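Asker: Give the three-dimensional model of this entry:
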Amino acid sequence: MPSEKPPQLSPDELARYSRHILLSELGVAGQQKLSAARVLVVGAGGLGSPAALYLAAAGVGTVGIADFDRVEAHNLQRQLLHDDQSIGETKVTSAARRLRSMNPFISVIEHAAGITVENAQSIFDTYDLIVDGTDNFAARYLINDAAVLTRRPVVHGSVYKFEGQLTVFDPSVGAPCYRCLFPEAPTAGTIPNCGEAGVVGALCGVIGSLQALEAIKVITGAGETLRGRLLTYDALGQTFHPLKISRSLECPVCGTAPKITKLDSAHYDFSCTPPSTLTMSDESVPLEISVEETQRLLTATPTDVLLVDVREPYEVEICRIAGAEVIPLRQVPEHLAALPRDKHLLIHCHHGARSLRATEFLRAKGFSRVSNVAGGIDAWAERIEPTMRRY
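Answerer: Here you go, the predicted model:
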């Protein structure tokens, strides 16, 4: 891998990659393999940034970047492909500019639509290896399934707070795939994966760099890859633990009788918001309302509604909706007596998960007119108040 005849390296390239070539495990032949390789990095964020930087620096001939998002200020704590001047740009534009300036001997391809059900297989067919730098379950399952169907290895990484994971999924050579490890996505709300949990920026550098290293090993054949092993990392204790993982014969996509034989959007329709345990039959107001309806209520019937912000104080300092009463989620129980039962309570947080828990708690305590603001203040900033700072 790659199968075609490796290109000859120019004197300038030989000089640039001389520290690679000095390694007996790589040499000129290994560097030629890197130069001929085509690697797609999905996600130009916390993991994709170090992975793409090291792949470009290593001389991978073609680096693809797939991401539909734009650069925002809160990305810069960990997404080192971008800088202040990139804010507002598409991430692929910012990333491509940085990678091209780093290494003029490589080609960078931008996939500004990201990876979708419609384009995944056709894009994967043009690459040798996929680096998964995404941060949500829908994208991970889509990337996995498309990679299995196109017989492409996936270097997978994930981060959470101070913990990271890394492996290489490759059923084409007998190794497990992502669904062998996680046949189905966890129940919505059980794992914060949509911006509700933090992550230390340097952790992304550790795991993303290791992803680049695994990709280099897969391409060149140097050393032993993490196929069949899951490497876990605890940044607080600075410890690594390898775990053996096996291919599942019952896997729905790479097993002996696969149920997933083509990409279907129904397989990747996951929500970040946990399902409600409440029924609507006896409720006078909906369990959830949109930010547009929230704005309408605040404008049309301001004396009949109360907007409650259950985020933490430091979050409120970043941005807030005018007139909102701030009651952090953990303090909601002690504020029950002070909350008006004759008003329609509109509860919001960052993305909607914490506020839904508060909404259900208040309804269970007898507050019938309580609604969760779907999407939280992030949706408000995106669709109602575009000048609001996002995080």
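Asker: number of nearby residues for residue 57?
Answerer: For residue 57, the neighbour count with other Cβ atoms under 10 Å is 15. Using the backbone N, CA and C atoms, a C-beta is placed for each residue, glycine as well.
Asker: Same check on the one 4 residues further on?
Answerer: As a burial measure, the neighbour count of residue 61 was computed by other Cβ under 10 Å and equals 19.
Asker: residues in contact with stretch 229-245?
Answerer: By Cβ atoms under 8 Å, 6 or more residues apart in numbering, the surrounding residues in contact with stretch 229-245 are 162-167, 176, 180-181, 200, 202-203, 206-207, 210, 226, 228.
Asker: just the buried members of those residues?
Answerer: Among the contacts of stretch 229-245, those classed as buried by neighbour count (16 or more other Cβ atoms under 10 Å) are 163-167, 176, 180-181, 200, 203, 206-207, 210, 226, 228.
Asker: which residues does residue 345 contact?
Answerer: Applying Cβ under 8 Å, 6+ apart, the residues contacting residue 345 are 305-306, 308, 339, 362, 367, 369-371.
Asker: how about it, phi and psi?
Answerer: phi -90, psi 120 (degrees, to the nearest 10).
Asker: And it, how far from residue 321?
Answerer: 14 Å (Cβ to Cβ, to the nearest Å).
Asker: And residue 38, by the same measure?
Answerer: 46 Å.
Asker: for this structure, which helix is longest?
Answerer: Longest helix in the chain by number of residues (criterion: DSSP state H): helix 201-220.
Asker: pLDDT (mean, whole number) over stretch 98-105?
Answerer: Average pLDDT, stretch 98-105: 97.
Asker: Mind listing what's buried along that stretch?
Answerer: For stretch 98-105, by 16+ other Cβ under 10 Å, it's 98-99, 103.
Asker: Inside helices: which ones of these?
Answerer: Reading helices off the buried residues of stretch 98-105 with DSSP H, I get 98-99.
Asker: Now distance to residue 254 too, for the buried residues of stretch 98-105, in CSV please.
Answerer: Output for these, formatted as CSV (distance: Cβ to Cβ, whole Å):
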residue, distance to residue 254
98, 35
99, 32
103, 35
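Asker: and which of the buried residues of stretch 98-105 is nearest residue 387?
Answerer: Residue 387 has its nearest neighbour among these in residue 98, at 27.1 Å by Cβ to Cβ.
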